[in-house]
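K.L.:
Take this sequence and fold it.
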Amino acid sequence: MSHPTTCLNCNEKLIGKFCFNCGQKSDTHRITLKHFLFHDILHGVWHIDKGILFTIKEALTRPGQAALDYIAGKRIRYYNVFYLILILIGLNIFLSNQYDKMASEYLGTVVDSANAKGKAINDFLTTNSKLIIFLIVPLFALNSFILFRRKKLNISEHFILAGMIYLGILILTFIVEILSFLEFIKYGNYITDYLLLVYLILIFTYAVRGYYKTFESNYTKINFTIRILFFLVLLFLEISFLIILLLGFISKWKFGSFQF
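P.N.:
Predicted coordinates:
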């Protein structure tokens, strides 16, 4: 079979295995059943899976350096971090809802939303949960942009760093959500009793280590410690402010007792 001399997609002259203008392969050929099944479908799915698994591994083991590699241009092996964040947010919400249903059925735990304001807040959080959780990423990015200027990353690059670290936090959250179902197994509650404490220690250690590995060449340990403490204080104040805004918006600024 003769290979075309011009790109079949954009008509640019071909040099090498890929079109320099649009990126399409130069050996594009007629689609056959064999090629469709074993290349277009299986190869495409495997390529996505490899990208997802590689990104998850990097986010868990070296989030700071992975973000710096991505910022430096080493991007082909990574799946889109923010797509993965949205996928994991959806999975975590699904698991949380399933846990609540099973807790109600097997443990008799019922969430009381009789109070009108409390029900309104629960409904709002359920409807907008992905957006609310996703808003944490800009807070991470803004705080690191303010406090870690010596690295000379712009705000968009801090978004990449924040996204990679937040992705790791969501992966750990997903694992903990799965482990929480051990409560419905005999003697499983002995594990779940300590799960929240382990989870909090784990994500705190993970996040601090991720930022330290990113900025260790720019700050001494003492300097970094001071800045990460300011980072956490700012994050706490920002989230508290957002919660107050949320409660005020739903209650029309008439704060009272809430039942969840």
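
K.L.:
I'd like the distance between the closest residue to residue 151 other than its chain neighbours and residue 141.
P.N.:
The shortest distance from residue 151 to any non-neighbouring residue, by C-beta to C-beta, 6 or more residues apart in numbering, is to residue 218 (5.4 Å). Using the backbone N, CA and C atoms, a C-beta is placed for each residue, glycine as well. From residue 218 across to residue 141, the span is 17 Å (C-beta to C-beta, to the nearest Å).

K.L.:
Would you confirm that the residue nearest to residue 151 contacts residue 147?
P.N.:
No. Shown here, residue 218 and residue 147 do not form a contact pair, counting by C-beta atoms under 8 Å, at 11.3 Å.

K.L.:
Give me the more crowded residue out of residue 218 and residue 141.
P.N.:
In terms of neighbours (other C-beta atoms under 10 Å), residue 141 is the more surrounded of residue 218 and residue 141; the figures are 22 against 13.

K.L.:
Name the helix or strand for the more buried one, please.
P.N.:
Using DSSP states H and E, residue 141 sits within helix 136-147.

K.L.:
how about that helix: buried residues?
P.N.:
136-137, 139-145, 147 (16 or more other C-beta atoms under 10 Å).

K.L.:
From the contact counts, what lies against it?
P.N.:
With contacts taken as 3 or more C-beta pairs under 8 Å, 6 or more residues apart in numbering; DSSP states H and E, helix 136-147 sits against helix 155-179, helix 221-251.

K.L.:
Export those helices to TSV and append columns for mean pLDDT, mean neighbour count and distance to residue 194.
P.N.:
Formatted as TSV, those follow (pLDDT from 0 to 100; neighbours: other C-beta atoms under 10 Å; distance: least, C-beta to C-beta, whole Å):
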stretch	mean pLDDT	mean neighbour count	distance to residue 194
helix 155-179	93	20	11
helix 221-251	87	14	23
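
K.L.:
Quick one: closest of those helices to residue 67.
P.N.:
Taking C-beta to C-beta, helix 155-179 is the member of the helices and strands packed on helix 136-147 nearest to residue 67, at 4.2 Å.

K.L.:
and the following helix or strand past that closest one, average pLDDT?
P.N.:
Once helix 155-179 ends, the next helix or strand along the chain (criterion: DSSP H and E) is helix 189-192. Average pLDDT, helix 189-192: 76.

K.L.:
can you pull the buried residues of the helix or strand following helix 189-192?
P.N.:
As assigned by DSSP H and E, the chain's next helix or strand after helix 189-192 is helix 195-215. By 16+ other C-beta under 10 Å, the buried positions in helix 195-215 come out as 195, 199, 203, 206-208, 210-211, 213-215.
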